[in-house]
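# Quick one, structure for this:
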Amino acid sequence: MRRSIDDLRTFYGEPTGALVRRLLARRLDDAWGEAPDCDVLGLGYATPWLDAFVGARRVVAAMPGGQGVEQWPVVGRNRTLLVDDRRLPFAAGSFDRILLVHALEEADDPAALLLEAVRALAPTGRIILAAAARGGLWARAENTPFGHGRPFTRGQLERLVREVGLEPAAWSQTLYVPPWTPLLPLADGFEQVGRRIAPGTAGVILLEASRQAYARIRPSGHAQRAPAKPVLTPQPAANISLRTPRPR
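Residues are numbered from 1 along each chain as shown. Down below sits the predicted model:
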């Protein structure tokens, strides 16, 4: 069962949630910047980071039915909707960038959710999956959203994206600071040290992926892989903070 929208909104309104927002936003800015001239979809609970994409043509937040939905932005025209995450209400190829946060961990079928995201992704589009890291302390902290559902390893995320016709392009990690209130002011120091000497202690893994194949639409509405053309060869992220995966 998914965390409710009230729980998520409360967490991100508190100091611990504000820290998570800042650290994750740093990694997303490294990867996509302001997403200039892009159509952007946030899936799961991505609204804390969508305001940063000020260069985008369009930004939409889709929230799973089991979670609930909130109005976003607070002022102006609402750009959120409640969805069945196994059948998204978007035409194929609608978005250039898709960000999944608090989406995979509590999904009934992560592969089905991701297949729908791939269907909505433009041929040269890019997806970032942000998921709780299995080896990190945050996956054990039940007072945070990362302590619920299934955490992932980097290898599991790479296999998942390949199963749905994507190719891993770059990756990063964040939230090295333990989820203990007295240590949170030292988070920036933990980020610097953790990346160098204790990468397995990160709380969140970010994996960026792009298409390795066109997505054909079956009569059921689900995506099906088809042979890729050379022009769709995935490109590495623009910033080295998201690192290219090791060769398989």
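
# Contacts only, for residue 125.
Residues in contact with residue 125 (CB atoms under 8 Å, 6 or more residues apart in numbering) are 93, 95, 96, 97, 98, 210, 211. All C-beta atoms are positioned from the backbone trio N, CA, C, and that covers glycine.

# For it, give me the pLDDT.
Note for residue 125: predicted pLDDT of 97.

# Now do the buried residues in the helix or strand harbouring it.
Residue 125 is part of strand 121-132 when elements are defined by DSSP states H and E. By 16 or more other CB atoms under 10 Å, the buried positions in strand 121-132 come out as 121, 122, 123, 125, 126, 127, 128, 129, 130, 131, 132.

# The nearest residue to residue 120 once chain neighbours are set aside: neighbour count?
Take residue 120 and drop its neighbours on the chain: the residue closest to it by CB to CB, 6 or more residues apart in numbering is residue 90, 4.5 Å away. For residue 90, the neighbour count with other CB atoms under 10 Å is 19.

# Then residue 186?
12.

# what's the answer for residue 182, then?
Neighbours around residue 182, by other CB under 10 Å: 7.

# what do you get for residue 75?
Residue 75, neighbours per other CB under 10 Å, totals 5.

# Over to the one 4 residues further on?
Applying other CB under 10 Å, we find 16 residues neighbouring residue 79.

# same deal with residue 143?
Neighbour tally, residue 143, other CB under 10 Å: 9.

# Phi first, then psi, for it.
phi -90, psi 10 (degrees, to the nearest 10).

# residue contacts, it?
So residue 143 contacts residue 179 (CB under 8 Å, 6+ apart).

# What's the local residue count around residue 197?
Neighbour number of residue 197 under other CB under 10 Å is 8.

# could you pull out the strands for this structure?
Ranges of strands in the chain, per DSSP state E, are 39-44, 58-64, 80-83, 95-101, 121-132, 166-174, 204-211, 214-217, 223-226.

# Columns distance to residue 184 on top of those strands, output as a markdown table?
Listed next are the strands of the chain as a markdown table, based on distance: least, CB to CB, whole Å:
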| stretch | distance to residue 184 |
| --- | --- |
| strand 39-44 | 24 |
| strand 58-64 | 27 |
| strand 80-83 | 29 |
| strand 95-101 | 20 |
| strand 121-132 | 17 |
| strand 166-174 | 14 |
| strand 204-211 | 15 |
| strand 214-217 | 41 |
| strand 223-226 | 40 |
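
# Looking at those strands, spot the one closest to residue 26.
Evaluated over the strands of the chain, closeness to residue 26 peaks at strand 166-174, with 7.3 Å, by CB to CB.

# which strands and helices sit next to that closest one?
Judged by 3 or more CB pairs under 8 Å, 6 or more residues apart in numbering; DSSP states H and E, the packing partners of strand 166-174 are helix 15-32, helix 154-163, strand 204-211.

# For the buried residues of strand 121-132, work out which two are farthest apart.
The span of the buried residues of strand 121-132, defined through CB to CB, is set by 123 and 132 at 30.0 Å.

# Can you give me the buried ones in stretch 43-60?
Here stretch 43-60 shows 43-50, 52-53, 56, 59-60 as buried, counting by 16+ other CB under 10 Å.

# Between those, which sits nearest residue 196?
Nearest member of the buried residues of stretch 43-60 to residue 196, counting by CB to CB, is residue 49, at 25.6 Å.
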